[in-house]
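Asker: kindly return the folded structure for what I paste below:
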Amino acid sequence: MDRDYFKRVDEAVHYILGRAKVSPKVMLVLSGGISKFLSKVEDKISITASEIPNFPKPTAEGHSGKITFGRVSGVDVAVFQGRFHYYEGHKMSDIVFPVFVMNKLGAKILILTSATGGINKDLSVGDIVLLKDHINFMGTNPLIGISTLLPENQFPDMTDAYSKRLREIARTSAHELGMELKEGVYIASSGPSYETPAEVKAFRMLGADVAGMSVVPEITAAKFLKMETLAFSCIANPAADLHPGGMNHKEVLEAMRGIDETLSRLLFKIFGYL
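Answerer: The predicted structure follows:
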């Protein structure tokens, strides 16, 4: 148990406020290959995650670890270029550390984007999927050793893991843009290996539509902190039993770059309602 966890959160907050007087309402995580949204951010102030005390160091390809504070449609935001993953060797509590820090700075909303494999046979590369629920297949939980440090809310409710209000805003925004927005359930495994064909078939039977190696830890931490949550999964490749030939990270990044413009337009539209 990390009894100094919240002390370390305060140290990170103190450092950031020493660099810039920021109070983001929204924490937005951009997956690897997604960057055009940053052109919409005004009054930018950037900090590299590795400079902040107690922050984990990003090592995954396509995840720079840069944090940009600013405003979008009058809304204060902290935009993360990339995230931290369990497969990088980080502790689960460290993966969600930025969520705790941004919440302490003022963030009440968490918006996530991610690259995923399409399990549902109706999904194609380039589709954007609005997440409505998830399955934690990572074998652990990011709140272990954290939630019981507090006297209350030790067992957060995950019934409404993805905000109904924000999902309705996302649907409205997509409709106004003439954009098709599919919906589905995310299943998270630890990675870094891709799923086997047999695993994908099992996940499909469990009710999963997309597979990935992130999202679930951040959402779980955000619900513990009583934040509103919204998440989009971008189909970067068909899952293993549908995939023609071998799978690799290069195709994932290429697919995400192809989705970048569309996803950025959708996110910008959503900020107009926040």
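Asker: what bits of the stretch 101-250 of the chain have low per-residue confidence?
Answerer: 240-242, 244-250 (pLDDT under 70).
Asker: what segments of it are strands?
Answerer: Counting by DSSP state E, counting those that start in this stretch, the segments of the stretch 101-250 of the chain that form strands are 109-118, 128-136, 182-188, 210-212, 228-238.
Asker: mind listing the strands the longest one pairs with, and their directions?
Answerer: Sheet pairing for strand 228-238, assigned by DSSP bridges, gives strand 109-118 (parallel), strand 128-136 (antiparallel).
Asker: right, so those: which one is the most enclosed?
Answerer: Highest mean neighbour count among the strands paired with strand 228-238 (mean count of other Cβ atoms under 10 Å): strand 109-118, with a mean of 26. Any C-beta I mention is one placed from the backbone N, CA and C, and that applies to glycine too.
Asker: and the angle for that strand with strand 182-188?
Answerer: Calculated by axes from the mean of the first three to the mean of the last three Cα atoms, to 10 degrees, strand 109-118 forms an angle of 90 degrees with strand 182-188.
Asker: who does the residue nearest to the spatial centre of the chain bridge with?
Answerer: In the chain, the residue lying closest to the centroid (Cα atoms, centre = their mean) is Leu112, at 3.2 Å. On the basis of DSSP bridges, Leu112 is bridged to Val29, Ala231.
Asker: how close does it get to Ile270?
Answerer: For Leu112, the distance to Ile270 (Cβ to Cβ, to the nearest Å) stands at 13 Å.
Asker: overlap of the contact sets of the two?
Answerer: Common neighbours of Leu112 and Ile270, counting by Cβ atoms under 8 Å, 6 or more residues apart in numbering, are Leu230.
Asker: how far away from the center of its chain is stretch 3-21?
Answerer: On the basis of Cα atoms, centre = their mean, to the nearest Å, stretch 3-21 sits 21 Å off its chain's mean C-alpha point.
Asker: can you check stretch 82-93 too?
Answerer: For stretch 82-93, the distance to the chain centre is 12 Å (Cα atoms, centre = their mean).
Asker: now do that stretch: everything it contacts.
Answerer: 2, 5, 29-32, 56, 58-60, 62-66, 94-95, 98, 138, 140-142, 144-146, 190-192, 213-214, 217-218.
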